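Engineer: pasted the sequence and its predicted model underneath.
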Amino acid sequence: MTEKKRKIAFVFPGQGAQYIGMGMDLIENSPDLLTPLTDFDSENNLNLTAIIKEGPEEALKDTKYTQPAILFHSIIAMQSLQRLISIKPDLVAGHSLGEITSLVANGVLNLKDALYLVHKRGEFMIKANEGTPFAMAAIIGLQADEIKDICQKASEVGLVIVANYNSPEQTVISGTEAGVNSACELAKERGAKRALPLPVGGPFHSPLIARAEQWLSEEMDKIEFRPSSIPVISNVDAQPHTDPEEIKNNLARQVTSSVLWVDSVKRMIETGIRAEEGIGRDD
Amino acid sequence: MIKKIDRNIEILSIDTIQDLELAKVKLEQL
């Protein structure tokens, strides 16, 4: 009897995985991998290469730099692996901005367009909410359904929603400062182990940045999304997609929607994935 | 880094050259 072929998913991280010097040993090993990043800098009058190599930390934490930095690191890690071993994913996925990285991995986007897209995405996600007091927080040790209920109650004082269903143990909330603070208090009252404020530049994955969804859609309309036979599991519905229009629509919706990461991982397991390549830093 | 999260799924996390070598060995076994 022949053993069924093991399926492999390439899975990419989101914001929070960045650090100064990321990927530099990979570049030392294969210096040509740096070229797309230096080209990106020249074409857009940026200095991301220097920021990744030397910092400062504040610049790397700036969302419009963080997002292309993480995407670039993830892609050179994947390319380095593919130079060592002949390997293609059966499925791809990524957390938040990592979903765009995954579209480079399955060939829907080219690297140049993807770097530009996440740079703009980062810029839009901050700009869309300028002026409104906001917060995000990670709630540890409380069931997601209960946190959803807490968000509904806390929204009486200010909008707050579940931003990321990260694991059965950790759920991230996002919204107005008043709403998030109230939800954190309620979560602690109901037995959450911790409610940790997150140092982010905007209320990501919430309707407070609805303008970013619109702006990102306009940018995506200028870019070619190619068909691929390798499905991406979208954050917004935890379902596999290959149609470029569906993928594009899901990416736009994702900016203001919850990241269904727990369901996405379950979906990967249901499709027979047995090994995940977590490409980029294990955050 | 290699993490086995349950009997169904293993995560090979690739960040550095050492991770690449580990992943190569693991993937060749599949």
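Structural biologist: Yes, it's here.

Engineer: now residue B:12. Nearest residue, chain neighbours left out?
Structural biologist: If you skip the residues right next to it in sequence, residue B:12 has residue B:23 as its closest partner in space, 4.5 Å away by C-beta to C-beta, 6 or more residues apart in numbering or on different chains. In short, each C-beta sits where N, CA and C put it, glycine included.

Engineer: and for the one you found, the neighbour number?
Structural biologist: Around residue B:23 sit 25 other residues, with neighbours defined as other C-beta atoms under 10 Å in any protein chain shown.

Engineer: residue A:163 belongs to a helix?
Structural biologist: No: the assignment for residue A:163 is strand, going by DSSP: H, G, I helix; E, B strand; the rest coil, so no helix is present there.

Engineer: test my guess that it contacts residue A:170.
Structural biologist: No: look at residue A:163 against residue A:170 with C-beta atoms under 8 Å: they stay out of range, at 11.5 Å.

Engineer: neighbour count for these two, which is higher?
Structural biologist: Legend: neighbour count by other C-beta under 10 Å for residue A:163 and residue A:170, higher for residue A:163 (27 against 19).

Engineer: quick check, residue A:268 in contact with residue A:238.
Structural biologist: No: Residue A:268 is beyond contact range of residue A:238, at 9.2 Å (criterion: C-beta under 8 Å).

Engineer: okay, the two: which has more neighbours?
Structural biologist: For residue A:268 versus residue A:238, neighbours defined as other C-beta under 10 Å are more numerous around residue A:268 (24 against 20).

Engineer: and the more buried one, what does it touch?
Structural biologist: For residue A:268, the contacting residues are A:9, A:11, A:91, A:93, A:233, A:276, B:9, taking C-beta atoms under 8 Å, 6 or more residues apart in numbering or on different chains as the criterion.

Engineer: repeat the analysis, applying 6 Å as the threshold.
Structural biologist: With contact taken as C-beta atoms under 6 Å, 6 or more residues apart in numbering or on different chains, residue A:268 is in contact with residue A:9.

Engineer: repeat for residue A:133
Structural biologist: The contact partners of residue A:133, by C-beta under 6 Å, 6+ apart, come to residue A:177.

Engineer: as CSV, could you dump the C-alpha coordinates of whichever strand or helix holds residue A:102?
Structural biologist: Taking DSSP states H and E as the criterion, the element that holds residue A:102 is helix A:97-105. Extracted in CSV, the C-alpha atoms of helix A:97-105 (Å, rounded to 0.1, in the frame of the first residue of the first chain):
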residue,chain,number,x,y,z
LEU,A,97,-0.6,41.1,5.9
GLY,A,98,0.8,37.6,5.6
GLU,A,99,-2.1,36.8,3.4
ILE,A,100,-0.6,39.1,0.8
THR,A,101,2.8,37.4,1.3
SER,A,102,1.1,34.1,0.6
LEU,A,103,-0.1,35.4,-2.7
VAL,A,104,3.5,35.9,-3.8
ALA,A,105,4.1,32.3,-2.7
